[in-house]
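Participant: give me coordinates for this.
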Amino acid sequence: MTNFEPKKLKKNWTIEDSISTYEIDKWGDKYFSINSKGNISVTKDINSEKKIDLFKLVRELKSREINTPLIIRFNDILKDRINALHDAFLKAIKTYKYKNIYQGVFPVKCNQQKNVLEKIIEFGSPWNFGLEVGSKSELLIGLALLENQNSLLICNGYKDKKYIEIATLARKLGKNPIIVIEQKDEVNRIIEAVQDLNASPLIGIRAKLSSKSSGRWSKSVGDNSKFGLSIPEIMSTIKELKEANLINEMRLLHFHIGSQISDIAVIKDALQEASQIYVELFKLGAPMKYIDVGGGLGIDFDGTKTSSNTSTNYSLQNYANDVIATIKDSCELNNIEHPTIISESGRAIISHCSVLIFNVLGTSHVSSKLKIYDDKKQSLIISNLIETFYELKKLKNKKINLSQIIELWNDAKKFKEDCLVAFRLGFLSLAERAYAEELTWACAKEIANNLNNDEINHPDLFEITETLASTYYANLSIFKSIPDCWAINQIFPIMPIHRHLEEPFCKGNFADLTCDSDGKLNSFINNGKIKSLLNLHEPEQDKDYLIGIFMTGAYQEALGNLHNLFGNTNVVHIDINQNDSYKVKNIIKEDSKSEILQLLDYSSASLVESIRINTEAAIDQKKLTIEEARKLIDQIEISLRKSSYLSE
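Facilitator: Okay, the predicted model is just below:
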């Protein structure tokens, strides 16, 4: 039996080593760091005494029977994001002597959860922070939750007459809805609603900009974009509003150039074009008051501060400065009053406060033991593989000859392929095929243990790392909890939330619980590039190995689906107190199997009764004892009340 010694671990692995490995100092902003115990620390301010140990928090939640997978939302971080956005605009307004205010709104589509929206409204109340809605359902949420009569309710999306009537009448409740015309046929509906109700709404127009956008959502602008009016349509709309005596209700210009804009130059170009459209609308007789710059304010998922899809080459302050300065310049050149500036910055507000935590159920990896058989009757192909293995072992502790190693590895791959062909033709047994694969893995391990990272990443050897990688089985559904990873290959920061005083010597990726080959996490942040494997620890026997997926607050819950009938996870809202303490503000319990089945019109009682009838038949046929039948029904009834995820 041959045992393969693992590559020597670094002595005295430090927190700094973990920081470098997972780059938490880059993407973690001021909110996430590693504490002296080697656990993730969470705070709203790196200099604040209000910090908590994330690993300790998850363990204590487990003692309350709030199990993983779970979403933890930190109210303090959410509040800080709202404060930071307003502080940036207040500073820009002061710096550029802008003669009006910034008044933001939160796009409800980013996270429609009631507890989230209530907190956003609460934290944004000093600045009359409002909401943006894009459907009748979201409109009803906005009307119910927004009590501040100075807050704005921006009404976007497709609008039928009922949508327009509800928003129009809501103005009489003291609300501030602004109906944004996004399709040309909405103009006639607004005019009809005004005539029927004898009431008029505040009106805005969404413009289709010709400015180029970037990133995944670049098609949000241009002639073929989904929403907005072209310049000729804007001119026609102004004419129709004048004829209907509604031009005095025309107050807002809106544009949107996409989500997660990574390049500030794109934002500047759009601002210049939109500012000029605003000026022209004013000249056409509309008493303009607001300019809504839409969404697009990005966040730095990978910490590189570049214009890649997962980063931004600008700061929050850069963004606010450019918005204020550009709009100010256009207005002052035309002697027009500075408008109130609105933005719909959802991702930048809500992403950081949510962390998805899951536990690892187990791993699969290449065996570290191999028994070399000395059999003169064995296949020549097998003998060739054994000889290659011994040639590689001879190189141990010798000066590395990379070309020789590459040659031997290519030999090993070729011999393995020959074995596969021989197996297909019936010349090798299943046991011999298994032995050939083990020998190939053994060759790969010998090479990996003798090369440094730069050498093993050689193009001709890189596949060795993939060959030896472990699969970590994650107790979650990617399709439910982080659907963007599957749908658009979104990269979120991922790392263990503990054990950062130990070297993570394994390389691996994650497979979720679903019966779907797409249910894998195999794209990770690596110094501005994407790598397929993450440094991970070997899970310890009977101990949870906990992984955090960070910055997941935007869109994931709304977009998640019921693939394989995995439901909502536990959600916990946390307030951070002094001295590593916290307060659990809200707990939203995970879906039970019964609740999930009910969504699909399955009655738990009917399901149990159907199975009970089957057990009675099995008892009559002596296939099942009464005790076994009772145990089966009991287990099913208990299971229906439990989570769809795996537990102890």
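Participant: closest to the centroid, which residue in this protein?
Facilitator: residue 552 (3.9 Å; CA atoms, centre = their mean).
Participant: residues contacting that residue?
Facilitator: Each residue near residue 552 by CB atoms under 8 Å, 6 or more residues apart in numbering is listed here: 71, 351, 354-356, 481-482, 492. Yep, even glycine has a C-beta here, placed from its N, CA and C like the rest.
Participant: switch to 10 Å and redo it
Facilitator: By CB atoms under 10 Å, 6 or more residues apart in numbering, the contact list for residue 552 reads 71, 350-356, 481-482, 484-485, 490, 492-493.
Participant: filter those down to just the ones in helices.
Facilitator: Cross-referencing the contacts of residue 552 against helices under DSSP state H gives 350, 481, 484-485.
Participant: tell me which of those residues is nearest to residue 65?
Facilitator: Nearest to residue 65 among the ones in helices among the contacts of residue 552: residue 481, at 19.7 Å, using CB to CB.
Participant: so how far is residue 274 from the closest one?
Facilitator: For residue 481, the distance to residue 274 equals 36 Å [CB to CB, to the nearest Å].
Participant: and for residue 249?
Facilitator: Distance from residue 249 to residue 274, by CB to CB: 20 Å.
Participant: who's more crowded, those two?
Facilitator: In terms of neighbours (other CB atoms under 10 Å), residue 274 is the more surrounded of residue 249 and residue 274; the figures are 25 against 20.
Participant: how near is that one to residue 211?
Facilitator: For residue 274, the distance to residue 211 - CB to CB - is 8 Å.
Participant: now do the shared contacts for these two.
Facilitator: Common contacts of residue 274 and residue 211, defined by CB under 10 Å, 6+ apart, comprise 255, 257.
Participant: what's residue 64 sitting at in phi/psi?
Facilitator: Per-residue torsions, residue 64: phi -90, psi 10 (degrees, to the nearest 10).
Participant: ok, it touching residue 584?
Facilitator: Yes: the pair residue 64 / residue 584 is scored as a contact, 8.1 Å apart, by CB atoms under 10 Å.
Participant: more neighbours, those two?
Facilitator: For residue 64 versus residue 584, neighbours defined as other CB under 10 Å are more numerous around residue 584 (15 against 11).
Participant: which residue ranges form the helices in the stretch 251-400 of the chain?
Facilitator: Per DSSP state H, counting those that start in this stretch, the stretch 251-400 of the chain carries helices over the ranges 264-283, 316-333, 347-350, 380-394.
Participant: of the ones you listed, give the one that comes closest to residue 59.
Facilitator: Closest approach to residue 59 among those (CB to CB): helix 347-350, 26.3 Å.
Participant: give me the contact list for that closest one.
Facilitator: 73, 77-78, 81-82, 84-85, 104, 106-107, 110-111, 113, 116-117, 119-120, 123-124, 129, 259-260, 295-299, 312, 316, 319, 343, 551-555.
Participant: one more: stretch 371-387?
Facilitator: Outside stretch 371-387, the residues that touch it by CB under 10 Å, 6+ apart are 1-2, 389-390, 408, 411-412, 414-423, 427-429, 432-433, 435-440, 442-443.
Participant: endpoints of it, how far apart?
Facilitator: For stretch 371-387, the first-to-last residue distance is 14 Å (CA to CA, to the nearest Å).
Participant: ok now that stretch, how far from the chain's centre?
Facilitator: With CA atoms, centre = their mean, to the nearest Å as the basis, stretch 371-387 stands 49 Å off its chain's centre.
Participant: just stretch 289-302 next, same as before
Facilitator: For stretch 289-302, the separation from the chain centroid amounts to 18 Å (computed by CA atoms, centre = their mean).
Participant: and it, what's its mean pLDDT?
Facilitator: The average pLDDT for stretch 289-302 rounds to 96.
Participant: how is this structure partitioned into domains?
Facilitator: Domain assignment for the chain by automatic domain parsing gives 75-353, 369-466, 594-641.
Participant: pick the most buried one from these.
Facilitator: Mean neighbours per residue, mean count of other CB atoms under 10 Å, is largest over the domains of the chain for domain 75-353, with a mean of 20.
Participant: end to end, how far does that domain reach?
Facilitator: Domain 75-353 end-to-end distance (CA to CA) = 7 Å.
Participant: got it, and stretch 13-27?
Facilitator: In stretch 13-27, first residue to last residue: 22 Å (CA to CA).
Participant: list the buried residues in that stretch.
Facilitator: 13, 17-19, 21-24, 26-27 (16 or more other CB atoms under 10 Å).
Participant: including secondary structure and pLDDT, could those residues go into JSON lines?
Facilitator: Converted to JSON lines, these look like this (DSSP: H, G, I helix; E, B strand; the rest coil; pLDDT from 0 to 100):
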{"residue": "13", "secondary structure": "coil", "pLDDT": "94"}
{"residue": "17", "secondary structure": "helix", "pLDDT": "96"}
{"residue": "18", "secondary structure": "helix", "pLDDT": "97"}
{"residue": "19", "secondary structure": "helix", "pLDDT": "96"}
{"residue": "21", "secondary structure": "helix", "pLDDT": "95"}
{"residue": "22", "secondary structure": "helix", "pLDDT": "96"}
{"residue": "23", "secondary structure": "coil", "pLDDT": "95"}
{"residue": "24", "secondary structure": "helix", "pLDDT": "96"}
{"residue": "26", "secondary structure": "helix", "pLDDT": "94"}
{"residue": "27", "secondary structure": "helix", "pLDDT": "95"}
